[in-house]
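[1] fold the following, please.
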Amino acid sequence: MARLTFSEEESLALKKERFSHPHPRVQQRMDVLWFISLGETYANAARLSSVSHATVDRYAAIYRKGGIEGLKQFDWQGPTSELVSHKASLEELFRNDPPHTTAEACRRIQEATGVKRGLTQVRRFLKKVWA
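    Alright, predicted model coming up:
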């Protein structure tokens, strides 16, 4: 694998962003690449940053593909609740007759959509969608 090389400007950006970027994952990415820019091996960068060797390889690949700006991007998207597709109908249902408890909301959601969810899942969905 070819050794990564960094311009002076990139090294300064890595040094700055490893502490100042608002997202902790970006800070971690910058930290790993900053150690590599100082001449550390991938193994030492992993040890110093408390990440796995595979993570260092992944971060290096992201840098090779997109540079510093690539390290700041996230394409990860978590699972989407099945209830999202019923958002409009549930909103109308609950605006006309709000549930008094989460248990009641669970029961009414299951009756209206056929989707059975637990108290915690319904609570999270309602907070996320209407908070």
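[2] got the domain boundaries for the chain?
    The chain breaks down into these domains under automatic domain parsing: 8-71, 82-125.
[3] tabulate the ones you listed (JSON lines), appending mean neighbour count and mean pLDDT.
    C-beta coordinates here come from the backbone N, C-alpha and C atoms, glycine included. Shown next, in JSON lines, are those (neighbours: other CB atoms under 10 Å; pLDDT from 0 to 100):
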{"stretch": "domain 8-71", "mean neighbour count": "16", "mean pLDDT": "95"}
{"stretch": "domain 82-125", "mean neighbour count": "14", "mean pLDDT": "93"}
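[4] three-state assignment of the spatially most central residue of the chain?
    By CA atoms, centre = their mean, the chain has its centre lying nearest to Trp76, at 5.9 Å. Assigned by DSSP: H, G, I helix; E, B strand; the rest coil, the conformation of Trp76 is coil.
[5] which phi and psi does Glu8 have?
    Here is the backbone geometry of Glu8 (degrees, to the nearest 10): phi -60, psi -40.
[6] mind listing the strands in this protein by residue range?
    For the chain, applying DSSP state E gives no strands.
[7] helices of that one, start to end?
    Secondary structure of the chain by DSSP state H: the helices cover 8-20, 24-37, 42-49, 53-71, 87-96, 102-113, 119-130.
[8] looking at those helices, which is closest to Ser81?
    helix 119-130 (5.4 Å; CB to CB).
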